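S.K.: sequence? don't have it. structure:
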């Protein structure tokens with residue numbers, strides 16, 4: 001993150017007009033501090049804390065729920081409007097996570113095919 005920050009700062013200074021007064025305004029610095037603390041440091045800490053307590057597969061599903069939470073926060077705190085399409089998308093994400101975290105389907109025994117004309121036997125059966 002440090003290297004990416006340095007590279008993006010350099011490219012921003014090279015290609016963008018920088019208004020120094022707005023960049024160091026209290027509201028800008030507050031937004032930067034919020035993103036640094038909540039968006040990076042706290043998020044990484046909670047990610048590692050949670051990874052010690054649940055499976056990595058379940059943890060990977062968190063990437064699906066983050067956009068849904070962001071849209072909900074935007075609607076509740078940011079004055080954004082939810083559409084039916086947003087609600088349907090959130091429901092589909094919840095349904096997918098529910099299916100992924102549900103009980104696994106029962107597994108059928110593996111079957112191996114023997115050479116021509118032989119009978120089919122489940123793997124692991126006597127005589128393999």
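M.R.: Looks like it came in fine. Computed from a prediction, not measured in an experiment: that's the story for all the values here. Numbering: from 1, shown residues only.
S.K.: pLDDT score for the residue nearest the centre of the chain?
M.R.: With distances taken as CA atoms, centre = their mean, residue 63 lies nearest the centre of the chain, 0.8 Å away. With respect to pLDDT, residue 63 scores 85.
S.K.: With the one 10 residues further on instead?
M.R.: pLDDT, the model's per-residue confidence, is 91 for residue 73.
S.K.: What is the neighbour count of it?
M.R.: If you count neighbours by other CB atoms under 10 Å, residue 73 ends up with 11. C-beta here means a position set from N, CA and C on the backbone, and glycine is covered the same way.
S.K.: Can you give me the distance of it to residue 36?
M.R.: Remark: distance between residue 73 and residue 36 (CB to CB, to the nearest Å) = 18 Å.
S.K.: Over to residue 42?
M.R.: The value you get for residue 42 to residue 36, if CB to CB is used, is 10 Å.
S.K.: And this protein, split by domain according to the record?
M.R.: Domain assignment for the chain by automatic domain parsing gives 1-53, 55-101.
S.K.: Just put the ones you listed in a markdown table and tack on distance to residue 109.
M.R.: A markdown table is the format used below for the domains of the chain (distance: least, CB to CB, whole Å):
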| stretch | distance to residue 109 |
| --- | --- |
| domain 1-53 | 34 |
| domain 55-101 | 24 |
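S.K.: Looking at the ones you listed, which is nearest to residue 110?
M.R.: domain 55-101 (22.3 Å; CB to CB).
S.K.: Just the endpoints, please. Distance across the closest one?
M.R.: 11 Å (CA to CA, to the nearest Å).
S.K.: neighbours of residue 60, just the number please.
M.R.: Residue 60 is flanked by 11 other residues according to other CB under 10 Å.
S.K.: Identify the residue nearest residue 59 in space, chain neighbours excluded?
M.R.: Leaving aside its chain neighbours, residue 59 sits nearest to residue 51 (5.3 Å; criterion: CB to CB, 6 or more residues apart in numbering).
S.K.: Pretty sure the one you found sits against residue 58.
M.R.: No: applying CB atoms under 8 Å as the test, residue 51 and residue 58 come out as separate, 9.6 Å apart.
S.K.: other SSEs contacting the helix ranked longest in the chain?
M.R.: If you go by DSSP state H, the chain has its longest helix at helix 84-101. Applying 3 or more CB pairs under 8 Å, 6 or more residues apart in numbering; DSSP states H and E, one finds that helix 84-101 makes contact with helix 62-77.
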